[in-house]
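Chemist: Requesting a structural model of the entry that follows:
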Amino acid sequence: MKHIILMIAVIILFLITGTDTFSQGFNSVSTPDGVNVIAAGNAGKIYRSTNGGNTWASYNQGAVDFKSVTSYDNNVWIAGSDGKVYKTLKTVSIINPIETGTTGSINSICFINNDIGYLCGDGGIVYKTINGGMNWSPSNAGISNVKLNSISFADLQNGIAAGNNGTLFITGDAGQTWNLEVTGTTRNLLKSKYFSDGMAVTGEYGVLLTKQTSSPWMSVNTRISTDITGITGQDVNNIHVCGGGGFIRNNKNGSSKFLNFETNPMLANLVDIFYYDNDIAFAVSSLNYAIIRTTNSGQSWELPSGTNVVFQWQTKLSSASGIGNNLCIHPNDRNAMFVAYGSKVFVSRDRGNTWLQIATMTGTGITNGRAHSFYVSPVDTNIWMAAIDNVSTDKVVRSSDYGVTWSIVHQQNFSAYGQPLEMDQNDPNTYYFVPDGGGFWKSVNNGLTFTQISSYAFLSPCDIIVMWDSSNVLYIGESSPSRVYKSSNSGVNWQIVLTSTGSEIPSMSNSVFDKSIAYATTFSTLLWKSSNHGNNWSNILSQPGSGWGSDLCREDPGVYLYGTYSGSTAYLTTNSGASFGTSSITGSGAGAGIIVPERGYMLAQQTSGLQKLNITYTVLTSANENVISLIAPEKYDLRQNYPNPFNPSTSIKFDLPYSANVSLKVYNQLGKEVQVLADGFRNAGSYEINFDASQLSSGVYFYKLVSADISLTKKMMLIK
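Modeler: Here you go, the predicted structure:
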């Protein structure tokens, strides 16, 4: 399998050593001042930044899973899965575990000031502290035995706690008593935020609830099936949420449906977001250690300096006779996906990783043809529709028993390489069919019968799309010549809105979030975009290969992916087409079908097999520091690095008998400082720092430990 790096996110601007590449990431992030930032995750992993998130240092704190982090002034508190709260300072310092009175998982923690804080967790626990987290006492009167996932306080009196099964509790007396709120959902609620002028709650399957101070709860139709896992902001009219495969949305400027999407480079789930003020914010994923940040109120986000992003397409299903776009998301299971190759139908229950053939499109008059369009009905998942070519006359076929038996509902030849059948996403009882030179057909009874509604003789039409929320508006991509047609009266009349070079318009895409947007690929070097409901089109990219399959991300309209007829290259934008990156698709065959359910979940149906995009992030950290012991040693000690000589990494241990500021730096033979390994406060104890010198040349180096009134130096040798 050929793996090719798509892009290197940022050129390394200065010498950075140490590399962390993990399969997991963070659960929470916080900053008390916008400069000192701390992120915490599973297996004791902590990242700290002292320069606003430009660079990071990595630390390990045992095996506990850190679930939530909060900060205030100089203090930082971290909630553990072991029932303990871990307290530290915003600068690099020791992390002290504190017993709380529970052994269950603490899922969320918040502090109102340096003294008063709250935590919540499994079993409906809520605890309160009035002395900065040193002692905790139960404060959950009125709360049932339910898993609580998030707690937030606006001031000394008013708080909110959100949990599983739609449970939401409110307090107005500093946590003495809690009252159950009616939310109207049974989905698990994941994050909550109490503002000075209202509240907001997020949850699974796109749940987003908001409430002005004196108004009832309002449910926002987010139009996604992915989870909203993070919430932050300054007030109820300036809320930012994140989740799914990496989307960030806000409701600024009166966008009650949160249709302001913040452009960001993360193509993996975002589980937490924290806005320090109106401009500075950080967000983390549980799948990697690349902490993204914005300094311009979410207009753009960036990865840490030196982050490498590798895009790898991996073969998940080897099959033949793939044509058109036969990928179809299960209507009721967001993790399930269908695809048709030839006359075979496959299903995946694990987001495209493994596939099983479950049906064959065959029956009276249906021979071994190739499916060009395939749908599973949201009205009844037993009903499947497909357009399939045939030896004599091409067919539209239907199954009402989950693909066991099939019947012909319409017969008419269509383009040899097109996608002639489309389900109306606004009304899934309605289907449209466009044959080759034979008018425009419509079914309003879930594909049982079709009626011709236009006699316009399209020339080898390739694709049909329906405008979201406006089924009277449709588009058809045609070949010979390459044109896009638009109808504003449900397909009765048509007008040409785009004429392009190339032999066809293989694929078109549009968005549920902004129906003015549409994309069209061409069997040439041109990619077209419309931002005014398809009336006018602009060429936004000229690429070497001929475009074919495409899709706009189902949770973020800024993400668009399309493949090429040669099949070897895919083009991806995360900023609405302002720029594109390329990746090499493995295997052979053309890029017929593309589907992007989430920002971090993309599939390509090649004619010879199905590919899934795997994205990995590698973050370079300044050092990886481990605390060996918190027992004060008898004296200062700087030990000889091991191994020595080394290539390219080595371990350096040192002992501190007293708590103090510490500096550990590396110098070359000329006395020039080449790397800072530690610089800040450390408690008494023994420490180990892993130093990666892959950026340095061979030679002799010196490392110096300075603390209080001592200075210790040792020599080491790098041999490459």
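
Chemist: In contact with residue 167, which residues?
Modeler: 144, 146, 148, 180, 183, 189 (C-beta atoms under 8 Å, 6 or more residues apart in numbering). All C-beta atoms are positioned from the backbone trio N, CA, C, and that covers glycine.

Chemist: redo that, cut-off 7 Å
Modeler: The contact partners of residue 167, taken as C-beta atoms under 7 Å, 6 or more residues apart in numbering, are 146, 180, 189.

Chemist: beta partners of the nearest residue to the second one once chain neighbours are set aside?
Modeler: Think residue 180. Take residue 180 and drop its neighbours on the chain: the residue closest to it by C-beta to C-beta, 6 or more residues apart in numbering is residue 169, 5.9 Å away. Note on residue 169: beta-bridge partners residue 161, residue 180, judged by DSSP bridges.

Chemist: What is the burial count for residue 169?
Modeler: For residue 169, the neighbour count with other C-beta atoms under 10 Å is 26.

Chemist: That one and residue 178, how far apart?
Modeler: Note on residue 169: its distance to residue 178, by C-beta to C-beta, to the nearest Å, is 4 Å.

Chemist: Let me see the ranges of the strands in the stretch 501-650 of the chain.
Modeler: 508-510, 518-521, 526-530, 538-542, 547-552, 560-564, 569-573, 581-584, 591-598, 601-606, 609-620, 624-629, 637-638, 649-656 (DSSP state E, counting those that start in this stretch).

Chemist: Name every strand pairing with the first one and say which way it goes.
Modeler: For strand 508-510, the paired strands and their directions (DSSP bridges) are strand 518-521 (antiparallel).

Chemist: Strand partners (parallel or antiparallel) of the helix or strand harbouring residue 87?
Modeler: Residue 87 is part of strand 84-89 when elements are defined by DSSP states H and E. Applying DSSP bridges, strand 84-89 is found paired with strand 75-80 (antiparallel), strand 96-99 (antiparallel).

Chemist: I'd like to know which of the ones you listed lies nearest to residue 68.
Modeler: Among these, the nearest to residue 68 by C-beta to C-beta is strand 75-80 (4.2 Å).

Chemist: any idea of the mean pLDDT for that closest one?
Modeler: Strand 75-80 carries an average pLDDT of 98.

Chemist: Renumber starting at 32 from here on
Modeler: OK, 32 is where the count begins now, so the last one is strand 106-111.

Chemist: And for it, what's in contact with it?
Modeler: Outside strand 106-111, the residues that touch it by C-beta under 7 Å, 6+ apart are 61, 69, 71, 95-101, 116-121, 137-140, 142, 145, 148, 150, 163-164.

Chemist: Narrow those to those in strands?
Modeler: Among these, the members found in strands (DSSP state E) are 61, 69, 71, 97-101, 116-120, 137-140, 142, 148, 150.

Chemist: got the buried residues for stretch 143-154?
Modeler: 143, 147-153 (16 or more other C-beta atoms under 10 Å).

Chemist: Quick one: residues contacting residue 604.
Modeler: 590-591, 610-611.

Chemist: that older thread, distance check, the residue nearest to residue 211 against residue 170.
Modeler: Counting by C-beta to C-beta, the separation of residue 200 from residue 170 is 11 Å.

Chemist: before we move on, the earlier item: residue 466 is nearest to which of the strands paired with strand 115-120?
Modeler: Of all the strands paired with strand 115-120, strand 106-111 sits nearest to residue 466, with 61.0 Å by C-beta to C-beta.

Chemist: tilt between that closest one and strand 137-142?
Modeler: Following axes from the mean of the first three to the mean of the last three C-alpha atoms, to 10 degrees, one obtains 160 degrees for the angle between strand 106-111 and strand 137-142.
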